[in-house]
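> only geometry, no sequence info:
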């Protein structure tokens, strides 16, 4: 039986592994202020060590992921949770870099939104650096 109160806690973790010894050296929670999250995405074309991650999350009383958040893995800072409403499911964030990007978060976040009360979907496009909504593509 499904219960939103029994959803596992998903946190952003960093693990240090010794591959040769086949053991974990350490683990720590990164960005403890970040909301519980799922389905992270990063700028895959920006070097080995990533600073930013974008995740989908849920507002406090929601029983499903209905919002997005940007997390700074170096400082632990987080953007405000960007909510799309109580009846809107937020799909996983997809990072799309700008042409000739100069910074790791120089790009766009795309997320498919399912509006359950209307039984239709939209595509939301956010500025990846500021998490400001740029446009909403209504899919009818």
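Sure, I can see it. Just so we're clear, the structure is a prediction, and the values are computed from it rather than from any experiment.
> tell me the span between the first and last residue of stretch 91-103.
Chord length of stretch 91-103, first to last residue, is 25 Å (Cα to Cα, to the nearest Å).
> centre of the chain to it, how far?
In terms of Cα atoms, centre = their mean, to the nearest Å, the centre of stretch 91-103 is found 13 Å from the chain centre.
> need the contact partners of that stretch.
38-46, 54-56, 68, 106-114, 128-129 (Cβ atoms under 8 Å, 6 or more residues apart in numbering). To be clear about C-beta, it is placed using only N, CA and C from the backbone, and glycine gets the same treatment.
> got it, and stretch 10-17?
With contact meaning Cβ under 8 Å, 6+ apart, stretch 10-17 is reached by 23-31, 34, 36-38, 40, 53, 55, 71, 73.
> again, but for stretch 70-79
For stretch 70-79, contacts defined as Cβ under 8 Å, 6+ apart pick out 12, 14, 30-35, 37, 50-55, 69, 105, 109, 128, 131.
> what does stretch 21-30 give?
Against stretch 21-30 from outside (Cβ under 8 Å, 6+ apart): 11-18, 71, 73, 76.
> mind listing what's buried along the helix or strand bottoming out on mean pLDDT in the chain?
In the chain, no helix or strand scores lower on mean pLDDT, DSSP states H and E than strand 37-41, which sits at a mean of 83. Using 16 or more other Cβ atoms under 10 Å as the test for burial, strand 37-41 gives 37, 39-41.
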